[in-house]
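**Q** With the sequence up front, the predicted model follows.
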Amino acid sequence: MGIRYLPRYNAGERTNHWLIVLFFIGAALSGLAFFHPSLYFLSSLVGGGTWARILHPFMGLAMALCFLVLFLKLWRHNVMNEADKEWLKHSGDMLRGDKSRMPPAGRYNAGQKRVFWIMVVSLVVLVVTGFMFWQPWFADAFPILLRRIAVLLHAISATVLILSVIVHVYAAIWVKGTVRAMTQGTVTESWARQNHALWHREMTGKQ
Ligand code: HEM
């Protein structure tokens, strides 16, 4: 009997996800260039300091807009439920690599859901605060004290987003067979059974 596959993301969702990744890399590297003089060399990746300054807000906004499209498609699957609380209690077992003790998960497990919402909140804070000191168009509308607070919150939420993306990529690589969900759009039935048993049951009707 051959390997059976289940669909997980369509072509539109995958294209959107990889556009987010592209804009994330551009916005993160150009932003880090302003964060500390020792990282200023990163600005050369987008054509130098002036270009980094011009492009950074547009790349950030493009990332957030693409994310909004993915958000509208996926938020319902990321709402925490009772089964997720049980999963979180066992997350230590998961980190030790003992999958057998994990309660069954739906389309996303509680860890993925947490990362999803952390991404949502940090992106909202990044966009709102970013507008508040975006020269020369919007910054003048805000008093200087508010702008200073915005700069601080922008840096904090950028740090949170970058850390959550590192966790996200690590988990995608660590759980074997996950990356193909975003490259080919499908996962194997055995991946689904092992990692997302409730979703597997939903998709196949099998116990
Ligand atoms: C090279 C970097 C990245 C890789 C390799 C990667 C890989 C993946 C993979 C394999 C999935 C499917 C997981 C599953 O269906 O169980 C996924 C889902 C997702 N990714 Fe990424 N990703 C990357 C970067 C990003 C970035 C930068 C963001 C956003 C800022 C992001 C946001 C998402 C979201 C929202 C989902 C859907 C998960 C959910 O709804 O809970 N990814 N990614």
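**A** That came in fine, so what should we check first? Numbers count the residues shown, from 1 in each chain.
**Q** show me where the protein has helices.
**A** With DSSP state H, the ranges of helices along the chain come out as 11-35, 49-74, 82-89, 91-95, 110-132, 144-174, 179-183, 189-195, 197-204.
**Q** helices or strands up against the worst-scoring helix or strand of the chain on mean pLDDT?
**A** When the helices and strands of the chain are compared on mean pLDDT, DSSP states H and E, helix 91-95 comes out lowest with a mean of 89. Counting contacts by 3 or more CB pairs under 8 Å, 6 or more residues apart in numbering; DSSP states H and E, helix 91-95 is packed against helix 110-132. Glycine gets a C-beta too; all of them are placed from N, C-alpha and C.
**Q** Contacts for the helix it packs on, please.
**A** Residues from elsewhere that reach helix 110-132 (CB atoms under 8 Å, 6 or more residues apart in numbering): 57, 60-61, 63-64, 67, 71, 74-75, 78-80, 84-85, 87-88, 91, 94, 108, 138-139, 142, 146-147, 150-151, 153-154, 157-158, 160-161, 164-165, 167-168, 171.
**Q** and what of stretch 184-196?
**A** Stretch 184-196 is contacted by residues 3-11, 14, 99, 104-109, 175-178, 180-181, 199-200, 203-204 when judged by CB under 8 Å, 6+ apart.
**Q** PyMOL command for the buried members of these?
**A** Filtering those down to the buried ones (16 or more other CB atoms under 10 Å) takes a single PyMOL command:
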select buried, resi 6+8+9+14+104+105+106+107+108+109+175+178+181+199+200+203
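**Q** can you narrow the contacts of stretch 184-196 to ones near the ligand?
**A** Filtering the contacts of stretch 184-196 for proximity to the ligand by CB under 6 Å from any ligand atom leaves 8, 108, 178, 181.
**Q** and the first one, what pLDDT?
**A** Reported pLDDT at Arg8 in the predicted model: 98.
**Q** please renumber so the chain begins at 723
**A** That works, and once the first residue is 723, the last one we named lands at Arg730.
**Q** give me every residue that touches it.
**A** Residues in contact with Arg730 (CB under 8 Å, 6+ apart) are 903, 907-909.
**Q** Same question for the third one.
**A** Under the criterion of CB under 8 Å, 6+ apart, the contact list for Thr900 reads 893-894, 909, 913, 917.
**Q** got it, and Met904?
**A** Listed by CB under 8 Å, 6+ apart, the contact set of Met904 reads 731, 736, 739-740, 894.
**Q** what does Ile725 give?
**A** With contacts defined as CB under 8 Å, 6+ apart, the neighbours of Ile725 are 910-912.
**Q** any idea how far Gly852 lies from the ligand?
**A** Gly852 is 15 Å from the ligand, where distance means CB to the nearest ligand atom, to the nearest Å.
**Q** Tell me, how many residues neighbour that residue?
**A** Gly852 has 23 neighbours, counted by other CB atoms under 10 Å.
**Q** would JSON lines of the ones next to the ligand among the contacts of stretch 906-918 with distance to Val768 be doable?
**A** JSON lines is the format used below for those (distance: CB to CB, whole Å):
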{"residue": "Arg730", "distance to Val768": "33"}
{"residue": "Tyr830", "distance to Val768": "33"}
{"residue": "Thr900", "distance to Val768": "30"}
{"residue": "Ala903", "distance to Val768": "30"}
